[in-house]
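K.L.:
what would the 3D arrangement of this be:
(2 chains)
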Amino acid sequence: MKSLRILRGYLFTIVGIAIGVAGLVALGAMSERIVRFIEGGDRFVLGQISVAGRGMGMGTGFTAGGMLPAATIRAIAEVPGVSGVQGQVMLPLDPSTSQFMTLTQELILGVDLSVPSPNRHYRTLPLRAGRFFREGDRRVAVIGASFATSRGLDVGSHLALDDESFEVVGILERMLTAPDRFVMVPIADARAQWVAKDRLLRTVLASGAVPLTAADLNTGAAVGWQDGEDPDQVALRIRERVPGVNVQLPSELSRLLRSSTAFFSALLAGIGVLAFVIGGLSLANTMAAAVFERIRDFGVKRALGATDLQLGREVLAESLAVTLVGGLAGIGLALGLGWGIDATVARAQQLFHFSPRLLGGALGFSILLGAAAAAYATARVISVSPAEAIRRGA
Amino acid sequence: MLRATGLVKSYRSRSGAPIRVLAGVDLTVKGGDLVVVTGPSGSGKSTLLNVLGLLEDDDGGEIWFEDARVSSLGRAAKSRVRGRYVGFLFQSFLLLPSLSALENVLLAARYVGRSGAPARRRAMELLEEVGVADRVDHFPAQLSGGEQQRVAFCRAVLNDPPLLLADEPTGNLDDANGAVILGALRGRARAGAAVVVVSHRPEAATGASALYRLRGGVLETS
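P.N.:
Residues are numbered from 1 along each chain as shown, chains lettered A, B, ... in the order given. Below you'll find the predicted structure:
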């Protein structure tokens, strides 16, 4: 009861701390969100060797290039060190939208179920609802979480892709990276979509000038390597031994991805530092002001026999309680704010990611900083005589 | 009980020039004495009380409690001496606003390790003696000035300090409440405590064992 009363006396301090921590957590959560996106992409490209045909193709996915015929895929599979090759078709959902205008383009990904996923970091993709593809599935789709939210789709809903209706059979867990905006379909359906979207390809196929089969229609391939192999070395081997392909070294691709997101990384670092400084200053200032405000009380307590140590312990206990309550309130405020914005303003995209490390870090940071500010203010307050403290607080 | 010799205390003015407030004060107060110090405003009466009660360091001189020279003690030791040997009564009561009347009184016990049921029982007795037992759960803002000073008096005497220092204890009170507080201080002196009161009120001198006037930084017998 008395503790509650003491906390009530610190109400404005708690509100001040809560606002500071809420700012820190909200900015941190936005930062975490983008970090997750970059990390997810990095993890993906480091888990496979990405290959495309030489030339110009759809320009989607991690490796740009032209068509990758079935014969080339077979040749890649023969290269020493390669454990598996999965042909893929990756198309922009809306070809009229330039990928330069979007960081996370909505993509159609055709998945070849006859080959297990060679990506070491994504053998399977986690499902939130429904199921993944089965052998023989056609006109079905497994969609990313953001895509599902933005379109209001659920398992059993129907999705129109170039006038073809697809039943949504599965929805992925939110991964906070590229697959969140994917529409995955069986590769045969993806090939049909490609032909439907690409007038030039349609013309070439209709002319019969080039002997192409459906199995030749791949925009790229994901290549796996055998245990103990260096993926960069395997990629170099593919480059040497298989003509007519664009091969990306995983480490090179990771570097490319990181350099292309370097601006965002710098921006995030700036936001993080700003959040740290603004939130920290606000918190420390509020806590120190709360202690300075009580200078007269300290004078009275010292007149009654309180030693510096006793006062220090008292203030520390109070400041810990106050910053803990303020910190938790701030985290609650930031969570509410983030979830509210994600649920209303940004339905298609998750803008905030409240990771345990962020929440724990913010709480720990606020408690430590609050205690440090209180300790500093207490040291200042008890450096004056009790009589002076009483005079100043009058 | 209390012996002060050659107490000197100066402050610095805004221009940096020293202002000597106490210029060699000698004072002896025995248990059972009620000493009243008067003097014009700004003459240094409060400073004298603060220095005697170790709330402020002197610039020279010595203060002895019984056989111990306390003016040379360190900060922590001075705090302990204040808690066990000195009770303070201030003009503006100085109750903590977030604590109830009873909690304010018990605050005096907290720092000398006397918390618990006996301290609480004694606090209730004292509050009853001064007529505010029905106000124990009230906060300072809910009490009149007279009630606040009675609570402050209970806080000052909870640990039965042998020395009681009162700085204008009736300055913010009406005559009736002033009389109650002065009566309570006289009662403490009769009970054996050494009591020093700084006051403007002529009636404070009633029953005093010694009356001094602080002028020019030294005490003169009135």
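K.L.:
who touches A:Leu93 in this structure?
P.N.:
The contact partners of A:Leu93, taken as CB atoms under 8 Å, 6 or more residues apart in numbering or on different chains, are A:Gln105, A:Glu106, A:Leu107, A:Ile108, A:Leu161, A:Val183. C-beta: built from backbone N, CA, C; applies to glycine.
K.L.:
okay, it: pLDDT?
P.N.:
pLDDT for A:Leu93: 85.
K.L.:
nearest to chain B: which residue in the stretch 51-200 of chain A?
P.N.:
A:Leu176 (46.1 Å; CB to the nearest CB).
K.L.:
typo on my end, chain A
P.N.:
Nearest residue of chain A to chain B, counting by CB to the nearest CB: A:Gly305, 1.8 Å away.
K.L.:
which of the contacts of A:Leu93 fall in helices?
P.N.:
Judged by DSSP state H, helices contain none of the contacts of A:Leu93.
K.L.:
still on that earlier bit, the residue of the stretch 51-200 of chain A closest to chain B - that's part of a helix, no?
P.N.:
No. Counting by DSSP: H, G, I helix; E, B strand; the rest coil, A:Leu176 is not found in a helix; it is coil.
K.L.:
residues near it, how many?
P.N.:
A total of 21 residues lie near A:Leu176 under the criterion other CB atoms under 10 Å in any protein chain shown.
K.L.:
spatially nearest residue to it (excluding sequence neighbours)?
P.N.:
A:Arg36 (3.9 Å; CB to CB, 6 or more residues apart in numbering or on different chains).
K.L.:
starting from the helix or strand encompassing the one you found, tell me the next helix or strand along the chain.
P.N.:
Under the criterion of DSSP states H and E, A:Arg36 resides in helix A:11-46. Using DSSP H and E, the helix or strand that follows helix A:11-46 towards the C-terminus is strand A:49-53.
K.L.:
just the angle between that next one and helix A:11-46, please?
P.N.:
Angle, strand A:49-53 to helix A:11-46, by axes from the mean of the first three to the mean of the last three CA atoms, to 10 degrees: 60 degrees.
K.L.:
now for the helix or strand following strand A:49-53, which elements pack on it?
P.N.:
Counting by DSSP H and E, the next helix or strand C-terminal to strand A:49-53 is helix A:70-78. Helix A:70-78 makes packing contacts with strand A:82-92, strand A:220-225 when contacts are defined by 3 or more CB pairs under 8 Å, 6 or more residues apart in numbering or on different chains; DSSP states H and E.
K.L.:
could those strands go into a markdown table alongside mean neighbour count?
P.N.:
Shown next, in a markdown table, are the helices and strands packed on helix A:70-78 (neighbours: other CB atoms under 10 Å in any protein chain shown):
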| stretch | mean neighbour count |
| --- | --- |
| strand A:82-92 | 23 |
| strand A:220-225 | 26 |
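K.L.:
tell me, how many residues neighbour B:Glu66?
P.N.:
Look at B:Glu66: counted by other CB under 10 Å, it has 12 neighbours.
K.L.:
report the contact partners of the closest residue to it other than its chain neighbours.
P.N.:
Spatially, and ignoring its direct neighbours in sequence, B:Glu66 is nearest to B:Met1 (6.5 Å; CB to CB, 6+ apart). Going by CB under 8 Å, 6+ apart, B:Met1 touches B:Val29, B:Lys30, B:Gly31, B:Asp33, B:Phe65, B:Glu66, B:Pro162, B:Leu163, B:Ala194.
K.L.:
fine by me, thanks again.
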